[in-house]
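Novice: give me the fold of what follows.
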Amino acid sequence: MSTVVVQLGQCGNQIGSHLWKLVEGNRDCRNGGIFLHPGIDEFTFRSVNVDSEPKVVRRFLQDAQNREVTFRQGNCVLGKRGRGSNWALGQWRPLLSRITNYSSTGYSGHQDEKVIERALEVTRKEIERCDAFTGCLLVHSLGGGTGSGLGSAFTESLRDLYPMANLISCVVLPYASGESPLQFYNTLLSLNVLLNTSDAIVYFSNDEILHRLKQRLKDADCSVSFAQINSHIAACLGGVFLPVQSLTPASGVSIGAEPGEMVRSVCPMPSHKFVHFNHLARRYLPQGNSLSIEWKSEFVGSPISAFHSLQQFDSISALAIARVDSTLLLKESIPSIERKVCKAYRTADWNPFPVDFWFDSKPLVSNSSLSVAANCGLITRHLQQTIVKARQKYDARAYLHWYEKYNCRQENFDEAFEALQFAIDQYDSI
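Specialist: As a prediction, the model looks like this:
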């Protein structure tokens, strides 16, 4: 089973650069061709890199020149100018294809007009190289114009072309304090599209991750770099999506079922698509039961509820993935970890199997780790904040002319407000 990773925008490509380091160092990925195309002399990453400006991807490719696994140069689709932090500019390509006077819109021209079409063609070719294509991981942010607008338009087109494929959108929510005056508009409009097109929306909050990392460094005043945040997000994705022994057949060669099984396990209801990831990694402790005790006390204690108290929210289901050198030690700890995850995430009483558990005897890089993917109501805080902030600007008609210029109308906003409020109501009813 083959999954294609599509990295969109600056944020998506920066996270992808850290994720591919984990893939490259994973032996099971190489043996099974998971996220990789095996060749005669070398492997190539099964990735598509899309951005509306070239500098981030070019730097990304330059840094990857000395790696054992290479990137396919033809899979990089680049424009010449950004999207101005405007969802509408990235999204509404049907209008742009009819524009003849670009100076009236401030748009750059024909080359940027075809970014989505070229990205779809490159993705089609990459999918056809797969032996058994099952779906795509789409990594992008929601605050900027490329990640939100171009990312949601690309996902919508991909759903039309591959209606049976698993589309997992891995998105990054902007800081609440504000990166751009348009970020809440962009988040609102993008999530509306993703709710209709993606099978699962794995979300990461910049504020939550920043607080989580500072908490683990035990210094609230320390500075956390973007590279550290991106590395943590990549570790969360790798902890869930990289091969595990639990899903590996008797042949010992992984079939890459992890992304699809995550959707099946955590997102059983189409009205509840948001998945929260958490990840704890630490050096392997070889003596006695210290590892399992430390995991149970530290991971299922404060890090699970870092920044937000999950005790206020209910969950439909959760998936715990442990990667540790000693499988025997883990088996003794599984029932206790499952009970603590159920308690921390307040899983629904009507679900007879609220927690699924996977394990692998090989840690990520040199760290043992425990990851949790949960479909929980924590997302309602972020959705409510997005609605409130966007509504304030919308009622004041602030910046709306920037969206109307690219054919984004009142009905688009009304539909988005209604869709996000419906999602909140669904999670409140768990």
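Novice: and the next element down the chain from the helix or strand hosting Ala227?
Specialist: For Ala227, the host element (DSSP states H and E) is helix 226-241. Going down the chain from helix 226-241, the next helix or strand is helix 258-266, by DSSP H and E.
Novice: if you count neighbours, what's buried in that next one?
Specialist: Neighbour counts over helix 258-266 (16 or more other Cβ atoms under 10 Å) mark Glu258, Pro259, Gly260, Glu261, Met262, Val263, Ser265, Val266 as buried. Yep, even glycine has a C-beta here, placed from its N, CA and C like the rest.
Novice: average pLDDT across the strand or helix carrying Ile424?
Specialist: Assigned by DSSP H and E, Ile424 belongs to helix 410-428. Mean pLDDT, computed over helix 410-428, is 96.
Novice: dihedrals phi and psi, the most centrally placed residue in the chain?
Specialist: In the chain, the residue lying closest to the centroid (Cα atoms, centre = their mean) is Cys170, at 1.6 Å. Phi and psi for Cys170, reported as degrees, to the nearest 10, are phi -100, psi 100.
Novice: that one and Val139 touch, don't they?
Specialist: Yes: between Cys170 and Val139 there is a contact at 4.7 Å, judged by Cβ atoms under 8 Å.
Novice: common neighbours of these two, please.
Specialist: Ile15, Leu237 (Cβ atoms under 8 Å, 6 or more residues apart in numbering).
Novice: how much does the helix holding Ala227 deviate in direction from helix 258-266?
Specialist: Between the axes of helix 226-241 and helix 258-266, defined by axes from the mean of the first three to the mean of the last three Cα atoms, to 10 degrees, the angle is 70 degrees.
Novice: then helix 226-241 to PDB, C-alphas only?
Specialist: Written as PDB, here are the backbone C-alpha positions of helix 226-241 (Å, rounded to 0.1, in the frame of the first residue of the first chain):
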ATOM      1  CA  PHE A 226      10.700  27.300  14.100                       C
ATOM      2  CA  ALA A 227      13.000  24.300  13.300                       C
ATOM      3  CA  GLN A 228      12.200  22.800  16.700                       C
ATOM      4  CA  ILE A 229       8.500  23.200  16.200                       C
ATOM      5  CA  ASN A 230       8.700  21.700  12.700                       C
ATOM      6  CA  SER A 231      10.800  18.900  14.000                       C
ATOM      7  CA  HIS A 232       8.300  18.100  16.700                       C
ATOM      8  CA  ILE A 233       5.400  18.100  14.200                       C
ATOM      9  CA  ALA A 234       7.400  15.700  12.000                       C
ATOM     10  CA  ALA A 235       8.100  13.400  15.000                       C
ATOM     11  CA  CYS A 236       4.300  13.300  15.700                       C
ATOM     12  CA  LEU A 237       3.600  12.400  12.100                       C
ATOM     13  CA  GLY A 238       6.400   9.800  12.000                       C
ATOM     14  CA  GLY A 239       5.400   8.300  15.300                       C
ATOM     15  CA  VAL A 240       1.900   7.500  13.900                       C
ATOM     16  CA  PHE A 241       2.500   6.900  10.200                       C
END
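Novice: list the contacts of it.
Specialist: Here helix 226-241 has contacts from 3, 11, 14-19, 21-23, 26, 137, 139, 170, 172, 202, 204, 206, 209-210, 212-213, 258-259, 262, 277-279, 281, 319, 321, 323, 364, 369-371, 373, using Cβ under 8 Å, 6+ apart.
Novice: helices - which of those residues land there?
Specialist: 11, 14-19, 21-23, 206, 209-210, 212-213, 258-259, 262 (DSSP state H).
Novice: quick check: which ranges of this structure have low pLDDT?
Specialist: Along the chain, segments meeting pLDDT under 70 span 39-41, 92-113, 219-220, 282-312, 326-331, 366.
Novice: what's the domain layout of it?
Specialist: Per automatic domain parsing, the structural domains of the chain span 2-265, 276-375, 380-428.
Novice: how far is the helix or strand encompassing Asp28 from where the chain is centred?
Specialist: Using DSSP H and E, the element containing Asp28 is helix 27-32. From the chain centre to the centre of helix 27-32 is a distance of 22 Å (Cα atoms, centre = their mean, to the nearest Å).
Novice: next secondary structure after that helix?
Specialist: strand 36-38.
Novice: quick one: list the elements packing against that following strand.
Specialist: helix 27-32, strand 43-45 (3 or more Cβ pairs under 8 Å, 6 or more residues apart in numbering; DSSP states H and E).
Novice: those: which one's closest to Gly377?
Specialist: Of all the helices and strands packed on strand 36-38, helix 27-32 sits nearest to Gly377, with 33.5 Å by Cβ to Cβ.
Novice: helices and strands around that closest one, which ones?
Specialist: So helix 27-32, by 3+ Cβ pairs under 8 Å, 6+ apart, packs with strand 36-38.
Novice: and the strand it packs on, what's buried?
Specialist: Quick answer for strand 36-38 (16+ other Cβ under 10 Å): Leu36, His37.
Novice: and for it, what's in contact with it?
Specialist: Contacts of strand 36-38 (Cβ under 8 Å, 6+ apart): Val23, Cys29, Arg30, Phe43, Thr44, Phe45, Arg46, Val69, Arg129.
Novice: appreciated, that's everything.
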